[in-house]
Every structure is written in C-alpha cells, then in structure tokens.
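Undergrad: I'd like to go over a predicted model; first the sequence, then the structure.
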Number of protein chains: 2
Amino acid sequence: MHLDELETPALAIDLDIMDRNLHRAAAYAHDHNLRIRPHTKTHKIPELAVRQLSLGAAGITVAKVGEAEVMMKASPRDLLVFYPVLGESKLRRLSKLAHRTRVTVALDNLVAAAGLSEAAVGNQVEFGVLAELDVGMGRAGTQSPEELAALVRDIVRLPNLRFDGIAFYPGHIQKCGKEAESAMSRISALVDASVERLHAQGTAPAIVSGGSTPTLYQSHLIPMMNELRPGTYIFNDRNTMASGACGISDCAAFVLTTIVSTARPGQALIDGGSKTFSSDRSTLPGFGEVMETTGVLFSNMNEEHGYLDTRASDRSFSVGDRLRIVPNHICAAMNLHERVYGFRGGEVECVWEVEGRGKLQ
Amino acid sequence: MHLDELETPALAIDLDIMDRNLHRAAAYAHDHNLRIRPHTKTHKIPELAVRQLSLGAAGITVAKVGEAEVMMKASPRDLLVFYPVLGESKLRRLSKLAHRTRVTVALDNLVAAAGLSEAAVGNQVEFGVLAELDVGMGRAGTQSPEELAALVRDIVRLPNLRFDGIAFYPGHIQKCGKEAESAMSRISALVDASVERLHAQGTAPAIVSGGSTPTLYQSHLIPMMNELRPGTYIFNDRNTMASGACGISDCAAFVLTTIVSTARPGQALIDGGSKTFSSDRSTLPGFGEVMETTGVLFSNMNEEHGYLDTRASDRSFSVGDRLRIVPNHICAAMNLHERVYGFRGGEVECVWEVEGRGKLQ
C-alpha cells in the first residue's frame, strides 16, 4: 500500500530516516563510552525498543508502570522507570516486573523511596534507585548537592533498595550548540560537586544519568555523565528543529493530512488538530511544519481542525489535497494514534500498534 | 470501590452532577421546542449517548466516521457527522452506516458534496446534508448567505443527497450572558438573511442547526435556530466556567491526581500533565482548576508532570496527597483516557471504556 492510499489523518514514519537517527546516536554513545537507556515514551512501540536494544542500548526508560508492562515485550535486560512510583497497587505491579528483569526507579524524596523499599521487601525483590537532581529545569529533583547527599544517605539505609546513582534531566535547555554551552558547563559543575559529595560520604554513584535530545551530541561537555536517556532522537520533531539539533530532513515522523475546507480566503483547513498533533506549543510560532511548501503557518487548531494560514504562500490549496506535517512534539502526537505506518520510498512497509499509548497509571 | 482506591491519574465522573446537567439541557430544549443532537465527541461513550437519546435527543452528532461506527452501539435513529467526509474508503464506511440509520453530513464545499453523492449512488444509500455557514468563528463554513445559497443550489441537484438544512457553530463566543448578546444578535441577523435567501430560491431549510455549550441557554436569542448540538454540557469544564455558563459545582468530570514531588519550594508536582489533561489552554491562566483549595495555580505541564504553584496557598502539600482537578477542556481530556470512573458519594458505580477515543479517521 502506498502512503497516498492511507485514510487521513495518519502518522507515518520514514524508516530510512529513523534508522539513520538511531545509528547516529548509537555511534556517538559508543565513541564517547556512554551507556544509553533510550526513553521509549517517545515511540511507545515494543518493536522499536527491540531495535534500540539491538543497537547497543543498555536498557530502556519508561515513565509509568503501565508503559513498563507494555515494554516487557521487548525483553529489556534493564528497565528504568524515570518517575516516582507511589501507591500500593502500582508498586505491586512494578514488583511483578522486578521478578522478570532488573528494575530501577528515579525519585527525589524519601516518601517515594520508603514506599519502594517496603514493596520490595513485601514482594521479595530488589529495586535499583537513581536519586534525582534538579539541574535548572525547576521540575523534580533535589535542589542541591547537599539535599541530594542527604536523600542518598536515607536510600542506602532502606532494605531491598540498591543505590545505583544519580539522574537529572536538562529539559530547560531548548537550544543546542554554542548557546547550550554555558548551561551545560553549569550543569557539569553541579554534577561534579554532587559526585564529589557522594564520594566523600561513601556513597559514590555508579551511574550518572542525564541527556535529552537537543543536548544529545554535546553530552561529552558533562564529563561525569556516563548514561544518556534521549527519547525524541529516534524521530526528531519540530521542537528538535527549533533547538537547532536537526533539520526537517532528519524528521522521521509526520502526520499525513487532507485539506477539508478552503471556504475562508487565505486559509486551508486540514483534518488534523489537537486530537491528532496534540496542542503542544513550540518556541517557533504554530503547531507544526508543513513539509511540501514554505510560507504556510499552522496558526491554530481545534480538536479535529488545523488552520493553515496560506496568505504568504504562492501555491494553491484545494479541498482533497494532502499535506505532510511535522508535529511540534512527536511524543505527544504518538500518544494520540492507535497505530502508525512505517514506510520506505512511499510504500508502507509495516503497521505498528502504539501499544504504550494511553498508559496513564 | 472508593475513589480513594483508584490508581492515579484517573478521570472520574460525578454521576449526580452529570444527570443534573443532562436534565437541565433536555428541559430547556423541550421548553423552547428545540431539537437536540448532542455532540458525543465530548464523552465518546455509547452508553452516555443512550442516556442522551432517552432524555429526548433527536439523534447524535459525531466528528468522524470512526466515532460514528462506535456510536452505532447506541442505536441512534439519526446520526449527524459534523465534518466533511472525503475519500473513497471513508465514504464506503459511512455508506455502510447509512444502511442502518439516517445519516447526515455537514459540509461547506462542492468537492465534499459531490464525493458524498457519488458514494451514495454507488452504495445505493441516501445522505442528508447540512450546508455550513461561518457565523464569525472563521473556521469552516460558507462566508455569506449568497455563497451558502449557491452551495445549496448545487447540493439539491446532486443525486442521492437530501438537503436537510443549514448549520453553524458559534465557537468564537467564549462568554455567555450579557456579553454574548450582541454577538448572538449578529448571528441571528445572518441566519435570518440566509434562511430568507434559501426560501426565495425554493430551497428552504428544514433544519437550522447551531449551538455550543457556552451559549446553550441563550439559544432562544436566535429564533430561527431549531436544533442544538452542544457537547461539553454533559460534564462542563474549566472553559465552561470561564465562559460564565457554569460554576465548579456544575463540573461533573475531574482528574484525580497524586502529588509526586514537593522538592522545589512553593511547587507541588502532580502525576498528570499533557497526556492526562491535554495541553489545551483556557482564557483563564493555567491548565486546570484544583477543587480542594483556592490559591493554587496549575502553571505548567509536561507529558507526565503537572506543576502546581502553591505559593499563594495557605495549605500544605505532601507527597502522596490526592487532588481533584477540573481540566480546561474535557473533550480533549476524555480522548486521552482508556476508561473513566462514574461515582456517586465517592463510591465507584461504573467503569466506562472510552470507546470513541483515538478514532482519528
């Protein structure tokens, strides 16, 4: 089946570009002696986790127990839940997985650590723990090397927990290259101070885990970091483009859409909106990048309608025309699709169910 | 099972409030002699469509063929697809449904009408058509009574189409009450002019279909309108609150969340973000309304993290605390949940699969 025969809107994946993206990251990690545990929340497809593992990934990362359960199909020998797991029921589910593979949880507080330990004892398993440090994003994570060290002192006292190391997420760095260097240098200093303090108290971290897609190929600027957890790099998206870390020819995933109305002059409506792309914004204006033509702004959206402002374009737009659009945020878009279509040269080669979509708990 | 036992994040529905919302709209429609074809894209649950039909709805509205297929479980005697249906494959699926119930499609262009007619002839069915008029939202719809009349002249010449009337969506009216009156008066004048022109050319519309949730209880201000298609009214949401059309005690649906980190002073992180609520904005600041307490701003979100700015609150927030949060846009939130939990008095009474979620085509 050719892409042109798919009902729209549909999420399509250029397998050649995806393979190139995967190989490039694997080669970088290998060259710099970095472990890679890719965050599979981007694709949510076990078969793609298998590809990442076969290219040398040390394990995989997920955000939720529900995602972890789905990703067990990829038989990861190592599974990191980069999210605190709270509540008896979820911890019971996670314990079941720990009977089958090595499970690590990232967390930033003692309540989460104590709950994890209690579940581990009760279910006769061991969990690895990464203690999270906030390196400037202002989301989760202990707020200083001192707080981090105090948390780690508590963690190592808790039964059935294995202190594996520390983790951070530099999600606040939205530009790569020269512009990222000073932020990465600040992170490196903070990480050095944290490792030093942990070493001094006899709890040296084996793993120092970080990394995001925009900063992926600058990871060596944080010398103490020995593990990467990029997610988006497998496909890239408009946010990656906005960061300067890729061009549109590196974007493997797009939404195939159809124009459904041109009733309003200077506007073409497409059959994809927030239910198809997500309503995630970007640092660039608009909700996606039209691949076929320049001068079109994806200016607004409702659930089922995308508004293309075509006034600055010299091409004509007719009802029934198809357009390929790179989403701002591919992870959020993937979560909205039941299945996606992998293709080479326009021919659909595989259809993948997005098995990890909607796994909220 | 009590709500407190549910794993979070979970979307819960207060059935008493939902029933009150449904009865209020049904009574208003009855009192004003208005047909009601509720837009089921809000809930996406066949059993709730059954409730709407049992309360007097003349039929139901959907946005996509995939939603229509799901909603056939509710055995609607009348089904409106408020979206142009393009492409042979989708039209074939729609034709199948037209063998089982009365199907109408809203559209604003001849390409869509001609395709619909061709499919109707080929599949030996009849489709009703509503011609769409833009009443100020600037999305879909013919741009004037003249353009509308010209489209209708084309529609009535096409075989196997039944011209049922006209339709509009006043989605640009985001405030109800006094503030909406002048906008509704402009719409009413435009509708009057359209009906007059259609009448003059011998194509008088049987149905004049409009209505949104914010303007629902002011529908009588557009006297020619004889059908309503509200969606959100069944639950209401923060956008409905922002419009002035309801208070928080009228919001039937909320997301039950758990605080997962308080590491950063003045901030509590909850386990729901854009994958749970959608990243839809509101005219109010923030991404949702915390029900338990005032002074908390849901200031930011990532996929799995909601950031609550707690600096203006005098209550304390601890890891493990549960909070109920009304989403900005309940339709978008429903689409993200595999199932939702109906409760009365805190006890879960039913679990509904959101069967229409993710139906993009």
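TA: Sure, I can see it. Residues are numbered from 1 along each chain as shown, chains lettered A, B, ... in the order given.
Undergrad: Around chain B, which positions in the stretch 201-350 of chain A sit nearby?
TA: A:258, A:260-265, A:267, A:269, A:271-272, A:274-276, A:278-281, A:302-305, A:307, A:318-320, A:331-332, A:335-338 (C-beta under 8 Å from any C-beta of the partner chain). Where C-beta positions appear, they are placed from N, C-alpha and C, glycine not excepted.
Undergrad: For ChimeraX, write a command that selects the buried ones of these.
TA: Selection of the buried residues among these in ChimeraX, burial being defined by 16 or more other C-beta atoms under 10 Å in any protein chain shown:
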select /A:258,260,261,262,263,264,267,269,271,272,274,275,276,278,279,280,302,303,304,305,307,319,331,332,335,336,337,338
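Undergrad: how's chain A carved up into domains?
TA: Segmentation of chain A into domains, based on automatic domain parsing, reads A:3-9+A:245-353, A:16-234.
Undergrad: How about residue A:177, nearest residue that isn't a chain neighbour?
TA: Of all residues beyond its chain neighbours, the one nearest residue A:177 is residue A:244 (5.3 Å), with distances taken as C-beta to C-beta, 6 or more residues apart in numbering or on different chains.
Undergrad: give me phi/psi at the one you found?
TA: Note on residue A:244: its backbone torsions stand at phi 90, psi 0 [degrees, to the nearest 10].
Undergrad: Test my guess that it contacts residue A:174.
TA: No: using C-beta atoms under 8 Å, residue A:244 and residue A:174 do not qualify as a contacting pair, with a distance of 9.4 Å.
Undergrad: Now the common contact residues for these two.
TA: residue A:214 (C-beta atoms under 8 Å, 6 or more residues apart in numbering or on different chains).
Undergrad: of those two, who's got more company?
TA: residue A:174 (18 against 15; other C-beta atoms under 10 Å in any protein chain shown).
Undergrad: Contact partners for the more buried one?
TA: Residue A:174 is in contact with A:214, A:239, A:242, A:243, A:283, counting by C-beta under 8 Å, 6+ apart.
Undergrad: Tell me how many other residues surround the second one.
TA: If I follow you right, that is residue A:239. Quick note: residue A:239 (other C-beta under 10 Å) scores 24 neighbours.
Undergrad: Number of residues surrounding the nearest residue to residue A:257 once chain neighbours are set aside?
TA: Counting by C-beta to C-beta, 6+ apart, residue A:270 is the residue found nearest to residue A:257 once chain neighbours are left out, at 4.1 Å. Neighbourhood size, residue A:270 [other C-beta under 10 Å]: 30.
Undergrad: Show me the beta-bridge partners of residue A:270.
TA: residue A:259, residue A:306 (DSSP bridges).
Undergrad: What residues sit buried inside stretch A:348-358?
TA: Counting neighbours by 16+ other C-beta under 10 Å, stretch A:348-358 gives A:348, A:352, A:354, A:355, A:356, A:357, A:358 as buried.
Undergrad: taking the contacts of residue A:174 one by one, which sit in helices?
TA: A:239, A:242, A:243 (DSSP state H).
Undergrad: Just the pLDDT at the residue nearest to residue A:177, thanks.
TA: Residue A:244 is assigned 97 on the pLDDT scale.
Undergrad: State the distance from it to chain B.
TA: Taking C-beta to the nearest C-beta, to the nearest Å as the measure, residue A:244 falls 21 Å from chain B.
Undergrad: before we move on, what about residue A:100?
TA: From residue A:100 across to chain B, the span is 21 Å (C-beta to the nearest C-beta).
Undergrad: who are the neighbours in contact with the nearest residue to that residue once chain neighbours are set aside?
TA: Residue nearest to residue A:100 in three dimensions, not counting chain neighbours: residue A:72, with 6.5 Å by C-beta to C-beta, 6+ apart. Each residue near residue A:72 by C-beta under 8 Å, 6+ apart is listed here: A:79, A:97, A:100, A:101.
Undergrad: repeat that for 10 Å
TA: Each residue near residue A:72 by C-beta atoms under 10 Å, 6 or more residues apart in numbering or on different chains is listed here: A:46, A:49, A:62, A:79, A:96, A:97, A:100, A:101.
Undergrad: which two from those residues end up farthest apart in space?
TA: Within these, two members stand farthest from each other by C-beta to C-beta: A:49 and A:96, at 18.9 Å.
Undergrad: Looking at those two, which is more packed in?
TA: Legend: neighbour count by other C-beta under 10 Å for residue A:49 and residue A:96, higher for residue A:49 (28 against 15).
Undergrad: neighbours around residue A:54, how many?
TA: Using other C-beta under 10 Å, the number of residues around residue A:54 comes to 11.
Undergrad: can I assume residue A:275 is in contact with residue B:83?
TA: No: applying C-beta atoms under 10 Å as the test, residue A:275 and residue B:83 come out as separate, 11.8 Å apart.
Undergrad: residue boundaries of the helices in the stretch 201-350 of chain A?
TA: Using DSSP state H, counting those that start in this stretch, the helices found in the stretch 201-350 of chain A span residues A:238-243, A:274-277, A:330-334.
Undergrad: What of the stretch 51-200 of chain A?
TA: Going by DSSP H, counting those that start in this stretch, the stretch 51-200 of chain A shows helices at A:65-71, A:88-98, A:110-122, A:145-157, A:178-200.
Undergrad: And for residue A:191, nearest residue in space, chain neighbours not counted?
TA: In space, and not counting its chain neighbours, residue A:191 is closest to residue A:224: 4.9 Å by C-beta to C-beta, 6+ apart.
Undergrad: how close does that neighbour sit to chain B?
TA: Distance from residue A:224 to chain B, by C-beta to the nearest C-beta: 21 Å.
Undergrad: residue contacts, that residue?
TA: Applying C-beta under 10 Å, 6+ apart to residue A:224 gives the contacts A:166, A:187, A:188, A:191, A:192, A:194, A:195, A:196, A:205, A:208, A:210.
Undergrad: do that again at 8 Å, thanks
TA: Residue A:224 touches A:188, A:191, A:192, A:195, A:208, counting by C-beta under 8 Å, 6+ apart.
Undergrad: Selecting buried members of these in PyMOL, what would you type?
TA: The following PyMOL command selects only the buried members of the contacts of residue A:224, with burial defined by 16+ other C-beta under 10 Å:
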select buried, chain A and resi 188+191+195+208
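Undergrad: Now the terminal residues of stretch A:235-247, how far apart.
TA: Start-to-end span of stretch A:235-247 (C-alpha to C-alpha, to the nearest Å) is 12 Å.
Undergrad: Repeat that for stretch A:209-226.
TA: Its start and end residues considered, stretch A:209-226 measures 6 Å (C-alpha to C-alpha).
Undergrad: now stretch A:8-17
TA: One end of stretch A:8-17 to the other measures 22 Å (C-alpha to C-alpha).
Undergrad: do that stretch and chain B meet?
TA: Yes: Stretch A:8-17 is in contact with chain B by C-beta under 8 Å from any C-beta, via A:8, A:9, A:10.
Undergrad: Please apply the same query to stretch A:24-44.
TA: Yes: using C-beta under 8 Å from any C-beta, stretch A:24-44 reaches chain B at residue A:41.
Undergrad: Since that was my last question, I'll sign off now.
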